[in-house]
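would you be able to build a 3D model of this:
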Amino acid sequence: MAGFIETMRSQIDDLINDMNDDDEFQEMLSKNPMAKFSYKLGMVHGIYEVKIKMSILRFREWNLRRSNAFLQKNIKTPPANLLVRIVRFVFSKSSFENFFAQSIADMREEYFEALIANKKWLAHWRHVQIYSVTLMTIVAWISVSVFKKFSLIWKLL
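Residues are numbered from 1 along each chain as shown. Reported below is the predicted structural model:
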């Protein structure tokens, strides 16, 4: 974009220099004051037209940069991403899908709904809930698993 603007500037400068170097054109301007006025008015008009076009191009470039920065700033990883990775690593696939996946998916959906509604406090609360519910599920799963093992051992005795 900047290269295009510089090219336009250099072309205008070349055109002005060519007109100033043309002796016949300069002689015509010196003899006819109306032509001189018209020439200067045309130059002013041309310069302002170029400045307006350059301003529009700069605005478009700024707007494009701003929208890209907005998109990059607002794309985030889902909440509790590290916790989900750890739970997937520690527990088997079937255990993860049966006990954790649905509650995490529901909580994340509620989190994103709160963000879309621009309720940041609710989104933060949903984030905290994802951690607490997942950790409580882990504790419950481990305690039930331990209870099953003890009951199995008790039956064998």
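
can we go C-alpha only for contacts and neighbour counts from here?
Noted.

tell me the mean pLDDT for stretch 89-101?
Mean pLDDT, computed over stretch 89-101, is 89.

end to end on that stretch, go ahead and measure it.
One end of stretch 89-101 to the other measures 13 Å (CA to CA, to the nearest Å).

what comes up buried for that stretch?
96, 100-101 (16 or more other CA atoms under 10 Å).

distance to residue 142 added to these, as JSON lines?
Output for the buried residues of stretch 89-101, formatted as JSON lines (distance: CA to CA, whole Å):
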{"residue": "96", "distance to residue 142": "13"}
{"residue": "100", "distance to residue 142": "13"}
{"residue": "101", "distance to residue 142": "16"}
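
so which of the residues you listed are in helices?
Counting by DSSP state H, those place residue 101 in helices.

nearest to residue 140 among the buried residues of stretch 89-101?
Closest approach to residue 140 among these (CA to CA): residue 100, at 11.4 Å.

so that closest one makes contact with residue 133?
No - when contacts are counted by CA atoms under 8 Å, residue 100 is not listed as touching residue 133 (9.2 Å).

now do the shared contacts for the two.
Counting by CA atoms under 8 Å, 6 or more residues apart in numbering, residue 100 and residue 133 have no common neighbour.

still on that earlier bit, wait, which of the buried residues of stretch 89-101 is closest to residue 114?
Top of the list for closeness to residue 114, among the buried residues of stretch 89-101 and by CA to CA, is residue 101 at 20.0 Å.

how close does the closest one get to residue 56?
In this view, residue 101 and residue 56 are 50 Å apart by CA to CA.

just the pLDDT for residue 149.
The predicted local confidence for residue 149 is 90.

what separation is there between it and residue 138?
Taking CA to CA, one finds residue 149 at 17 Å from residue 138.

so for the two, which residue has more residues nearby?
residue 138 (16 against 12; other CA atoms under 10 Å).

tally of neighbours for residue 153?
10.

hang on, the earlier thing: for the buried residues of stretch 89-101, which one is nearest residue 156?
residue 96 (29.4 Å).
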